[in-house]
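Asker: Below is the sequence, then the predicted model.
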Amino acid sequence: MHKIAARTIDWKAIREDFPILREQANGHPLIYFDSAATSQKPRPVIEALHRYYEHENANVHRGLHVLSSRATEAYEKARQRTAEYIGAASADEIVFTRGTTESINLVAQAWGGKFIREGDVILLTVMEHHSNLVPWQLLAERTGARLRFVPVLDDGTLDLEQIPSLLTPEVKLFAFTHISNSLGTINPIAELCARAHAVGALTLVDAAQSAGHMAINVQELRCDFLAFSGHKMCGPTGIGALYGRAEVLESTPPWHGGGEMIVSVALEKSTFKKAPHRFEAGTPNIAGAIGLAAAVDYIEQIGRPVIFEHDSQLARYAADRLTELSGTRVFGPTEERGALVGFVMDAAHPHDLTTFADQYGLALRGGHHCNQPLMRRFGVSGTTRASFYFYNTTEEIDRMIEIFHAAVRFFS
Amino acid sequence: MTTEIEELYQEVILDHSRRPRNFGELADAAVRVHGDNPACGDEIHLGVKFDAGGGLEDIKFTGRGCAISQASASLMTMKLKGKSLTEVTEMLRAFHDLVTDETNEAPKNLGDLRVMKGVRKFPQRVKCAMLAWRAVEQALEQGAGEAMVSTEPA
């Protein structure tokens, strides 16, 4: 079904929606292969931001004037769209944050601060981005809780056989990524959620690398928390969301204090709003939320199953073609992978290769990708990563391989 | 081939990165400095032995990293070996200026190190070039024993 749909999509026309892709970089047409770091933005998202600032800008929730009503309506409509996008039962389960990192920190500090005690265990995996590792380290330090890690196998998948011995009743939360930002591994998140719930642990899914690429339904997944960023899915920077299952979110105490999150304030004590407003102190990123909703509309117009098919095909094609370069080691699973490929090359260090590629207008990422423990696991200090989105083409990958051949000649 | 990339990766640099000089453990080192660049995971282990006047009698390094960091370390050890403390300090400043200052004229006393001049066009690579130099700076400051240094101060 996806393949039929894929044939009817005019990818070239879609590419035209992204003005930045017409840029030149170092005198060459830009090839943007760094969408896992941040995606580019289509015109409808850019226009939504313009429209908001030109016609709707005001503070939300308090003003009694017409602009404030418009802004409030647009902001809350954005919450509703975001909830629908991930299949949440209600918009009240969506907290707007600055992004995935802030979403996870909110859970670690507010939920973790109340429910995590000395001796409890937080289960993570070795492939977590630092944003789904460091907040738990801080929490563990504060509470005396312990961290455990699901190991990663040589093929870049999780060692699921270890789960029974790791997922014991002391585990209060199992937090894991949906798609690894270095390996491209797609984790079996529904299975992980089910196994966590079987021992009474809650679950947090880091969907930073998947939210813009794959359909997600939190009710089918039955996850308790899910975090993602707008800027990796065609939206603006500085906006993201935390999904929290209603019951869990309602049991979570406030995080930041300030305006917008209170019911009434006396000098000594305050009472707080219900979720999600309890977690949104101060003037929120109104334009960001509206931009995120525009990104959701844009992505849904194309359709996530079609996007996934397109992007993972690109990633598989890139992984295949990389093997023709001698002395190249590609990381991650060979069968199914998310929209990226990480690799190392004997001929050139990731930073040298990335600098070289940049001179030809090819934007890659070289380094540890906020995955230092995972890099250590694979015995490298860093990798080069090419990451894709639906505006990329196989021709661009062919060009990348040409540039790599030139790099091998240059550096060896 | 664009000029800037050729200027950055001059043949001398590529040669030193492929076959680094003074590469190895310095058995009787007075100071050992472990330097790292956490931004990219590059590492250097530098061993330094001083002469009676505080100059660098011998210097060797091991480590792994990009062509820029390896070549910079290799060229640096060749340049600093046998130099007095004053000369080393002077060289440190001169090299820093060479790779950061757009208007720097690459003074003759830097010798072969002048090939590193291209780095100034790539601000994100300055830390790669400076890693070995930060380690030497730390070795001078420490004087004896073991030390750590990072391009990202904690």
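Answerer: Structure received. These figures come from a predicted structure and were not determined experimentally.

Asker: For the rest of this, base every contact and every neighbour count on C-alpha atoms.
Answerer: OK.

Asker: Would you mind naming what in the stretch 201-350 of chain A lies close to chain B?
Answerer: Taking C-alpha under 8 Å from any C-alpha of the partner chain as the test, the list of the stretch 201-350 of chain A residues beside chain B reads A:348, A:349, A:350.

Asker: Tell me the predicted confidence for residue 46.
Answerer: The chain I'm using is chain A. Residue A:46 carries a pLDDT value of 98.

Asker: The chain in question should be chain B.
Answerer: Residue B:46 is assigned a pLDDT of 97 by the prediction.

Asker: residue contacts, the residue most central in space within chain A?
Answerer: The centre of chain A sits closest to residue A:208, judged by C-alpha atoms, centre = their mean, with a distance of 0.8 Å. By C-alpha atoms under 8 Å, 6 or more residues apart in numbering or on different chains, the contact list for residue A:208 reads A:100, A:178, A:179, A:227, A:228, A:229, A:232.

Asker: try it again with 10 Å
Answerer: A:36-37, A:99-101, A:129, A:177-181, A:226-233, A:240 (C-alpha atoms under 10 Å, 6 or more residues apart in numbering or on different chains).

Asker: before we move on, what about residue A:44?
Answerer: Contacts of residue A:44 by C-alpha under 10 Å, 6+ apart are A:17, A:18, A:50, A:234, A:291, A:294, A:295, A:297, A:298.

Asker: Would you agree it falls within a helix?
Answerer: Yes: judged by DSSP: H, G, I helix; E, B strand; the rest coil, residue A:44 forms part of a helix.

Asker: Any buried residues in stretch B:30-49, and which?
Answerer: By neighbour count on 16 or more other C-alpha atoms under 10 Å in any protein chain shown, the buried set for stretch B:30-49 is B:30-49.

Asker: Restricted to strands, list the residues you listed.
Answerer: Counting by DSSP state E, the part of these found in strands is B:31-37, B:42-49.

Asker: Show me where the stretch 51-200 of chain A has its helices.
Answerer: Along the stretch 51-200 of chain A, the stretches classed as helices by DSSP state H, counting those that start in this stretch are A:66-85, A:100-106, A:112-115, A:134-143, A:163-166, A:189-198.

Asker: From the contacts of residue A:208, list just the buried residues.
Answerer: By neighbour count, with 16+ other C-alpha under 10 Å, the contacts of residue A:208 hold A:36, A:99-101, A:129, A:177-181, A:226-233, A:240 as buried.

Asker: picking that back up, buried subset of the residues of the stretch 201-350 of chain A next to chain B?
Answerer: Among these, those that count as buried by neighbour count (16+ other C-alpha under 10 Å) are A:348, A:349, A:350.

Asker: near chain A, anything from the worst-scoring helix or strand of chain B on mean pLDDT?
Answerer: Lowest on mean pLDDT, DSSP states H and E among the helices and strands of chain B sits helix B:3-8, with a mean of 84. Yes: judged by C-alpha under 10 Å from any C-alpha of the partner chain, helix B:3-8 comes into contact with chain A at B:3, B:4, B:5, B:6, B:8.

Asker: What residues sit buried inside the helix or strand just after that helix?
Answerer: As assigned by DSSP states H and E, the chain's next helix or strand after helix B:3-8 is helix B:11-18. Buried positions in helix B:11-18, judged by neighbour count with 16+ other C-alpha under 10 Å: B:13, B:14, B:15, B:16, B:17.

Asker: just to revisit the earlier point, just name the closest of the ones in strands among the buried residues of stretch B:30-49 to chain A, please.
Answerer: Of all these, chain A sits closest to residue B:42, with 6.8 Å by C-alpha to the nearest C-alpha.

Asker: Which pLDDT value belongs to that closest one?
Answerer: As predicted, residue B:42 sits at a pLDDT of 87.

Asker: and the residue nearest to it when sequence neighbours are not counted, what does it touch?
Answerer: Excluding the flanking residues, the one nearest residue B:42 by C-alpha to C-alpha, 6 or more residues apart in numbering or on different chains is residue B:65, at 4.5 Å. Shown in contact with residue B:65 (C-alpha under 10 Å, 6+ apart): A:348-352, A:381-382, B:17, B:36-37, B:40-44, B:71, B:128.

Asker: List phi and psi for the residue of the stretch 1-150 of chain A found nearest chain B.
Answerer: Residue nearest to chain B within the stretch 1-150 of chain A: residue A:26 (9.1 Å; C-alpha to the nearest C-alpha). Here is the backbone geometry of residue A:26 (degrees, to the nearest 10): phi 50, psi 40.

Asker: mind listing the strands for chain B?
Answerer: Secondary structure of chain B by DSSP E: the strands cover B:31-37, B:42-50, B:56-64, B:145-150.

Asker: mean pLDDT for these: which is lowest?
Answerer: Averaging pLDDT over each of those puts strand B:145-150 lowest, since it has a mean of 91.

Asker: Output the contacting helices and strands for that one.
Answerer: Contacting strand B:145-150 under the criterion 3 or more C-alpha pairs under 10 Å, 6 or more residues apart in numbering or on different chains; DSSP states H and E are the following elements: strand B:31-37, strand B:42-50, helix B:126-142.
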